Every structure is written in C-alpha cells, then in structure tokens.
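K.L.:
Provided below are the primary sequence and the corresponding predicted coordinates.
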Amino acid sequence: MTTKTEHMIVDAAGFLKNVKLQDLADNIYTIQEVVNEIRDSATRQRLAVLPYELKFKSPSTESISHVSDFAKKTGDWGSLSATDIKVMALTYQLTKEKVGSEHLKKVPEKKVEKC
C-alpha cells in the first residue's frame, strides 16, 4: 500500500498517463499552462470529470526567478520550456510554504557539462 503525500504538483505526463493521483496525494496542484498543453480528447475528457479537486495555482515571480537562475547555473535553462520552469517554480514555492526551505540547496553543486 502506498502512503499518500499531502501535496503534489503535476505536469502533463501525470494526466496523459492517467495516473490515479487521488491515490497518491490529498492535494493535487497544477498550473493552467499544463492543462493547455493537453491536446488529445481522451485526456481532456478525463480532466473534465476528475474524481478529485484539481487546484490551480500560479507560482510567484520570486519563485520563477529563483528556479530560472538555478537552471541557468546547472546548464538546464536552454532545455526547459516556460511551462517546465513554472511547474518547478510552483513546486519550489509550495515546498517553502508547506515544509520550509532549509533542506533545499541554495546553489547547485556543479554545473552539468554539455556533450
């Protein structure tokens, strides 16, 4: 049996793969841009009748800035979409709000070198 987490932030893959998110978390969040990315009719129909409340929340400008700066330092910035950055920023923001940020890295340990 899987233990539920209290909060979960979901990107398009969770919806496209039809994951039973209600079995994994009590509070499920996403951003509007994630839903806008979903084009197939079956997934859009499932989104219209979810068996749980999907909470939409936008990340703060500060959280977007923090994640963007961090991604630039790791070398990931160029491979991330604006939606990716916002999903990570919401994750960062909710982590700070719900758990605190003491356990989060302030700077990456090393920059990833591109091949």
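P.N.:
Structure's in. What do you need? Predicted model only: the values in this text are computed from it and were never measured. Numbering: from 1, shown residues only.
K.L.:
Arg44 touches Ile38, doesn't it?
P.N.:
Yes. Between Arg44 and Ile38 there is a contact at 5.9 Å, judged by CB atoms under 8 Å. From N, CA and C alone the C-beta is placed, and that goes for glycine too.
K.L.:
and the two? which has more neighbours close in?
P.N.:
Neighbour count, other CB atoms under 10 Å: between Arg44 and Ile38, Ile38 has more, with 15 against 12.
K.L.:
what's the helix or strand for the residue nearest the centre of the chain?
P.N.:
Centroid-nearest residue in the chain, with CA atoms, centre = their mean: Val87, separated by 3.4 Å. Element membership of Val87 [criterion: DSSP states H and E] is helix 82-98.
K.L.:
next one: Glu6
P.N.:
Under DSSP H and E, the secondary-structure element containing Glu6 is strand 5-9.
K.L.:
list the buried ones in the very next helix or strand once past that strand?
P.N.:
Downstream of strand 5-9, the first helix or strand assigned by DSSP H and E is helix 12-16. Of all the residues in helix 12-16, those buried under the rule 16 or more other CB atoms under 10 Å are 12, 14-15.
K.L.:
Now do the contacts for Lys98.
P.N.:
Contact criterion CB atoms under 8 Å, 6 or more residues apart in numbering gives 6-7 as the residues in contact with Lys98.
K.L.:
distance of it from Val49?
P.N.:
Shown here: Lys98 relative to Val49, a distance of 28 Å by CB to CB, to the nearest Å.
K.L.:
same deal with Leu80?
P.N.:
Taken as CB to CB, the spacing of Leu80 relative to Val49 amounts to 31 Å.
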